[in-house]
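Visitor: Just need the structure, nothing else, for what follows:
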Amino acid sequence: MKNMEIEKKFLIKELPDSLDNYSHYEIEQAYISASPAIRIRKKSVFSDGNKSLSYILTVKGKGLIKREEFELLLEKNEYENLLKKAEGNIITKCRYLIPLAGGLTLELDIFEGVFKGLVMGEIEFPDEDSAKKYNPPAFIGREVTFDERFHNSVMSTMSAEGISDLLTLMNERN
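Guide: Numbers count the residues shown, from 1 in each chain. Okay, the predicted model is just below:
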């Protein structure tokens, strides 16, 4: 499936109350290539005591706020084979879907593993004009859309020192 993705990224100042009341799922993702961005992702959804898994290969075009994205469903064994070829850091996080005014949704990511402590959110928009005019609610911190260090593809290539610097930067400026 091919589509145009228009999104902004933000650090989060304060977590919403009763976070577990929102829909959420776990993500494990790795990059076969950071440039061009070729990502594989395992998505674990928990519902009514059951766990469902999906596996997705994503190719993302260039751009920071607007870019083309192509997704292809994978079988478990295909994902596992590609995971062996992944470069750099495997990114793990829990994603919460927080409804916002205007029919928008904040995809709030609480990172685990080597990025534990990082809390970031993305909001997808129907068009660039809506994205440019958007004024986030108070609990959302500063925008990092144009700071490539906060893009998962870049994070996947970071050294331990780079990760430490990123987490320090997040805490200092949020």
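Visitor: any residues touching the longest helix seen in the chain, and which ones?
Guide: Longest helix in the chain, counting residues (DSSP state H): helix 160-173. The contact list for helix 160-173 (Cβ atoms under 8 Å, 6 or more residues apart in numbering) reads 11, 89, 114-115, 117-119, 142, 149-150, 155, 158. Yep, even glycine has a C-beta here, placed from its N, CA and C like the rest.
Visitor: swap the cut-off to 7 Å and go again
Guide: By Cβ atoms under 7 Å, 6 or more residues apart in numbering, the surrounding residues in contact with helix 160-173 are 11, 114-115, 117-118, 142, 149, 158.
Visitor: mind checking the longest strand of this protein?
Guide: strand 87-99 (DSSP state E).
Visitor: Which of the residues in stretch 158-172 are classified as buried?
Guide: Using 16 or more other Cβ atoms under 10 Å as the test for burial, stretch 158-172 gives 158, 163, 166-167, 170.
Visitor: Equivalent analysis for stretch 84-97, please.
Guide: Buried residues in stretch 84-97 (16+ other Cβ under 10 Å): 86, 89, 91-93, 95-96.
Visitor: Now do the closest residue to residue 14 other than its chain neighbours, the pLDDT please.
Guide: Distances taken as Cβ to Cβ, 6 or more residues apart in numbering put residue 139 closest to residue 14, at 4.5 Å, once the chain neighbours are dropped. In this model, residue 139 is scored at 93, pLDDT.
Visitor: Give me the neighbour count for the residue nearest to residue 44 when sequence neighbours are not counted.
Guide: Leaving out its chain neighbours, the residue that sits closest to residue 44 by Cβ to Cβ, 6+ apart is residue 26, at 4.2 Å. Residues lying near residue 26 (other Cβ atoms under 10 Å) number 16.
Visitor: Any idea what residue 26 is bridged to?
Guide: Beta-bridge partners recorded for residue 26 (DSSP bridges): residue 44, residue 94.
Visitor: which residues in this structure form strands?
Guide: For the chain, the strands defined by DSSP E occupy 2-12, 24-33, 37-47, 50-60, 66-74, 87-99, 105-111, 119-124, 140-143.
Visitor: how about a markdown table for those, with distance to residue 133 added?
Guide: Shown next, in a markdown table, are the strands of the chain (distance: least, Cβ to Cβ, whole Å):
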| stretch | distance to residue 133 |
| --- | --- |
| strand 2-12 | 11 |
| strand 24-33 | 28 |
| strand 37-47 | 27 |
| strand 50-60 | 24 |
| strand 66-74 | 15 |
| strand 87-99 | 19 |
| strand 105-111 | 17 |
| strand 119-124 | 12 |
| strand 140-143 | 13 |
